[in-house]
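In: Build the 3D model from these lines:
(one chain, ligands or ions: 1)
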Amino acid sequence: MSRFMSGRFASLESYVPGEQPKTMQYVKLNTNESPFAPSQGVLDAIAEQSGLLQLYSDPDATNLVRQAAQVFGVKESQILMTNGSDEILNFAFMAFGDGEHPFVFPSLSYGFYPVFAKVNSIPYREIPLIEDFSINPADYHHAGGNIVIANPNAPTGLTLSLKEIEGILQTNPDHVVVIDEAYVDFGGETAIPLVDKYENLIVTRTFSKSYSMAGARLGFGIANEALIADMNTIKFSTNPYNVNRMTMAAGTAALTENDYYMNNCRTIVAVREWTKQELAQMGFTMTDSKANFIFARHPKVDGETLYKKLKERGILVRHFSREDIKDYNRITVGTKQQMEAFLAQTKAILQEEQ
Ligand code: PMP
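Out: Numbering: from 1, shown residues only. Below is the predicted model of the structure:
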């Protein structure tokens, strides 16, 4: 840290993204990307916009918002487009967090939540999961602060029902409840239909997983008009052109080809279930993940060993060294072929280890 860095950030530990390998070609199952390329319409839209880069992008993302409003069945004024869903999450922390009330979230969830709290000088409170890694919704009733919950949660893939989410919304009427639906298209139940009913609900979404656009950086929030307006105040006070022209056009095109992407999600779900069965036969135990990843451990091989040995064999998965999950690996669901390669290498490693 230089002597010029603000003292506010003296103890800030920034978010550590999953590895993006620069040299070797891995079977890349470590950052929950889609294994499928974007549709042709998306590629064409990007090419078209690239010749117009001398012009700023539309700060209101008008066409994209219009298309999203249609697909998700909400009003245009209920949507805010952002640079990945990380940005809408940060806007929610900035707009609704204060120095007195903690932001509340599960102790095992998306690792960026505590970082958003710290960088914005907002206190936070982490609620432990119950033993099987699931969230006890009652722990979030009358939480005393804003709440953020990933549904499905990461890295477990476990879900809450809409009824359970409604219970959280109803018992926290004076605080916002952010439901992070980054993985909802792989088997969760969306809370979007609840935004008209609860003025304190924000649903966040991303194009990074189900829409094959992690590299384009596009996400959005859906909430009632007043919350969207508040987050727009933050957006226009930080980066009005937060979504670039190519990404904006790509997102619009992707939503007009929604069927292609939803079909890819069905394929990923089928491959997930098949892979889980294969892993179970090898002795792995897993959470009942409804996301595009599997969270698995084996009683005979520790998580880090498996991660390292897979890496040596050209398969990249995600291992977290924190104590409560160090036995596990999070494996993104790729194509059937990629999962076959992963399973074959895993089998060979197990044989070596036993
Ligand atoms: N929420 C969760 C739960 C995630 O796992 C991720 C992906 N790392 C994000 C949000 C952010 O994704 P993006 O910024 O790519 O939309």
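In: In this structure Met248 contacts Ala61, no?
Out: Yes. With contacts counted by Cβ atoms under 8 Å, Met248 reaches Ala61, the gap being 5.6 Å. To be clear about C-beta, it is placed using only N, CA and C from the backbone, and glycine gets the same treatment.
In: quick one: common contacting residues for these two?
Out: Counting by Cβ atoms under 8 Å, 6 or more residues apart in numbering, the shared contacts of Met248 and Ala61 are Met81.
In: what does the stretch 201-350 of the chain have sitting close to the ligand?
Out: Taking Cβ under 6 Å from any ligand atom as the contact definition, the stretch 201-350 of the chain meets the ligand at Thr206, Ser208, Ala214, Gly219.
In: any idea how the chain splits into domains?
Out: Domains of the chain are assigned by automatic domain parsing as 14-36+259-353, 40-256.
In: Now that we have those domains, can you turn them into JSON lines and tack on mean pLDDT, mean neighbour count and distance to Met5?
Out: Output for the domains of the chain, formatted as JSON lines (pLDDT from 0 to 100; neighbours: other Cβ atoms under 10 Å; distance: least, Cβ to Cβ, whole Å):
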{"stretch": "domain 14-36+259-353", "mean pLDDT": "96", "mean neighbour count": "17", "distance to Met5": "12"}
{"stretch": "domain 40-256", "mean pLDDT": "98", "mean neighbour count": "19", "distance to Met5": "13"}
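In: These: which one's closest to Ser6?
Out: domain 40-256 (10.5 Å; Cβ to Cβ).
In: Please compute how far that closest one lies from its chain's middle.
Out: Distance of domain 40-256 from the chain centroid (Cα atoms, centre = their mean, to the nearest Å) equals 9 Å.
In: got it, and stretch 25-32?
Out: So, by Cα atoms, centre = their mean, the centroid of stretch 25-32 is 16 Å from its chain's centroid.
In: List the contacts of that stretch.
Out: 17-21, 154, 183, 208-209, 214, 291-293, 311, 314-318, 330-334, 338, 341-342.
In: run the last query once more with 7 Å
Out: For stretch 25-32, the external contacting residues (Cβ atoms under 7 Å, 6 or more residues apart in numbering) are 18-19, 209, 292-293, 314-318, 331-332, 334, 338, 341-342.
In: how about the residues you listed, which pair is most distant?
Out: Among these, Lys209 and Gly314 lie farthest apart (Cβ to Cβ), at 23.1 Å.
In: returning to what we had before: among the residues of the stretch 201-350 of the chain next to the ligand, which lie within strands?
Out: Using DSSP state E, Thr206, Gly219 are the members of these that sit in strands.
In: Using a markdown table, please lay out the residues of the stretch 201-350 of the chain next to the ligand together with distance to Ala253.
Out: Shown next, in a markdown table, are these (distance: Cβ to Cβ, whole Å):
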| residue | distance to Ala253 |
| --- | --- |
| Thr206 | 16 |
| Ser208 | 16 |
| Ala214 | 16 |
| Gly219 | 16 |
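In: And the furthest pair within the residues of the stretch 201-350 of the chain next to the ligand?
Out: Ala214 and Gly219 (10.5 Å).
In: Show me where the stretch 251-354 of the chain has its strands.
Out: Here the stretch 251-354 of the chain has its strands, by DSSP state E, counting those that start in this stretch, at 285-286, 293-297, 315-316, 328-332.
In: could I get the ones you listed as TSV with distance to Val27?
Out: TSV is the format used below for those (distance: least, Cβ to Cβ, whole Å):
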stretch	distance to Val27
strand 285-286	19
strand 293-297	14
strand 315-316	5
strand 328-332	10
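In: For the stretch 101-250 of the chain, which segments are assigned as helices?
Out: Under the criterion DSSP state H, counting those that start in this stretch, helices of the stretch 101-250 of the chain are mapped to 112-119, 162-170, 225-238, 245-256.
In: And the longest one, what does it pack against?
Out: Translated: helix 225-238. Under the contact criterion of 3 or more Cβ pairs under 7 Å, 6 or more residues apart in numbering; DSSP states H and E, helix 225-238 touches strand 79-82, helix 84-96.
In: Export the longest one to CSV, keeping only CA atoms.
Out: Okay, so that is helix 84-96. Output of helix 84-96 as CSV, limited to C-alpha atoms (Å, rounded to 0.1, in the frame of the first residue of the first chain):
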residue,chain,number,x,y,z
GLY,A,84,-22.0,-7.4,-14.8
SER,A,85,-24.2,-8.1,-11.8
ASP,A,86,-21.3,-7.2,-9.6
GLU,A,87,-22.1,-3.6,-10.4
ILE,A,88,-25.8,-3.8,-9.5
LEU,A,89,-24.8,-5.5,-6.3
ASN,A,90,-22.4,-2.7,-5.5
PHE,A,91,-25.0,-0.1,-6.4
ALA,A,92,-27.4,-1.7,-3.9
PHE,A,93,-24.8,-1.7,-1.2
MET,A,94,-23.9,2.0,-2.0
ALA,A,95,-27.5,3.2,-2.3
PHE,A,96,-29.1,1.4,0.7
